[in-house]
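Trainee: Can you look at this prediction? I've put the sequence above it.
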Amino acid sequence: MENFAPVLVTTLNRFDHFNNCIESLSSCKYAKKTELFIALDYPFKENQWAGYNAIRSYLAKIQGFKKVNILERKQNFGAIKNYMLSIKHVFNIYDKIIFTEDDNIFSPNFLVYMNKGLSLFEKNPKISAICGYNFPVKVENLADSNVFYYRGFSAWGFTTWKQKFDNRILTTEDQYNFLLDKNNILELKKCSNRHIYTYLKNIYYGYNIYGDSTLFIKNILKGQYSVFPVVNKVKNTGNDGSGLHCLDINSNIFERQELGQNSDFDYNLNEVEINTDLFNTKIREYFNLTFKQKIYLQFLKTLFNTNNLIKRKKV
């Protein structure tokens with residue numbers, strides 16, 4: 001295998017997470033053939049300096065990669081800007097990318113899985129990205145395939161191609177227009193009721209979205225899927241309150257997830273559609289709403305339909 005994709009890691013001040021991430025990544029097969037990009041943001045709070053300085057000191061000690069490139073910010077960019085500009089920087093050099101945040105650790109075959117997937121699905125118009133993380137669901141009596149296709153997406157370690165990557169932020173108007181089409185809603189319901197709830201709440205509170213949430217919409221609109229592994233290639237360790245979006249929650253459900261230990265990986269696509277049906281069913285159950293959320297969803301739906309009716313009457 002040649003032409004290995006580069007890996008981009010964004011970070012700020014979580015030294016322990018970052019250290020574990022890099023050490024795990026450097027132990028992966030093909031790490032020595034992989035160029036690493038690290039986008040280090042600048043602190044915006046006093047309590048971030050110690051972790052930030054620890055990371056800066058550690059950067060010069062990183063080994064095990066083909067080359068290490070540091071994108072060191074001189075002012076605080078924030079997570080979104082740092083992510084987007086870093087992706088753009090790498091895509092100015094490469095036509096593909098592997099991305100992870102600093103709170104992930106990896107299976108030894110993570111880079112094998114990603115690079116083989118990039119080659120296998122590059123010319124497949126139905127595949128938009130390859131994800132390394134699988135949701136905490138288990139399916140018994142699986143078909144022969146070791147991956148499945150899903151309309152959704154997970155940013156906890158993914159790879160994609162420059163020509164397929166859609167990095168646009170979706171506004172509340174974009175989300176509103178998406179939900180106006182009943183076919184979009186039906187397609188979204190095959191995956192999860194929670195995301196309908198999320199988009200309606202975004203519209204109500206005026207939240208634009210980027211990243212994971214946008215890929216559901218974009219995949220549906222383009223008729224595309226993300227590829228997911230049956231056995232995890234990534235484990236997230238950030239649900240401890242240390243990150244911007246990961247709350248301090250009971251993370252046992254994530255800690256218990258199996259992380260593959262094989263050093264090699266070969267895609268087996270036999271009966272992948274059967275695997276996809278099985279996992280979609282389980283993931284839909286995983287993304288089920290609480291009773292309180294179901295009540296709130298009905299309120300949001302009523303409000304959405306009322307506003308839509310008012311708009312149509314004005315036209």
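Mentor: Done, it's in.
Trainee: which outside residues touch the top helix by length along the chain?
Mentor: The longest helix of the chain (DSSP state H) is helix 291-314. Helix 291-314 has contacts (C-beta atoms under 8 Å, 6 or more residues apart in numbering) with 176, 179-180, 193-194, 196-197, 200-201, 203-204, 289. Backbone N, C-alpha and C define where each C-beta goes, glycine included.
Trainee: Which helix or strand contains His17?
Mentor: Per DSSP states H and E, His17 falls inside helix 15-26.
Trainee: Buried residues in that helix, which are they?
Mentor: For helix 15-26, a neighbour-count test (16 or more other C-beta atoms under 10 Å) marks 15, 17-22, 24-26 as buried.
Trainee: what about stretch 111-130, average pLDDT?
Mentor: Across stretch 111-130, the average pLDDT comes to 97.
Trainee: Just the endpoints, please. Distance across that stretch?
Mentor: Terminal residues of stretch 111-130 are spaced 12 Å apart (C-alpha to C-alpha, to the nearest Å).
Trainee: Please point out which parts of it sit buried.
Mentor: 111-118, 121, 127-130.
Trainee: Show me the contact partners of it.
Mentor: 1, 4-5, 7, 25, 28-31, 34, 96, 98, 107, 132, 149, 153, 158-161, 164-166, 215, 218-219, 222-227, 229, 233, 263-267.
Trainee: Identify those among those that sit within strands.
Mentor: 7, 96, 98, 149, 158-161, 225-227, 229 (DSSP state E).
Trainee: Export those residues as a markdown table, with columns for distance to Thr306, pLDDT and neighbour count.
Mentor: Shown next, in a markdown table, are those (distance: C-beta to C-beta, whole Å; pLDDT from 0 to 100; neighbours: other C-beta atoms under 10 Å):
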| residue | distance to Thr306 | pLDDT | neighbour count |
| --- | --- | --- | --- |
| Val7 | 47 | 98 | 26 |
| Lys96 | 45 | 98 | 22 |
| Ile98 | 45 | 98 | 27 |
| Tyr149 | 36 | 96 | 21 |
| Phe158 | 38 | 97 | 24 |
| Thr159 | 42 | 98 | 24 |
| Thr160 | 38 | 97 | 28 |
| Trp161 | 42 | 98 | 20 |
| Tyr225 | 34 | 96 | 21 |
| Ser226 | 34 | 97 | 21 |
| Val227 | 39 | 97 | 25 |
| Pro229 | 43 | 96 | 23 |
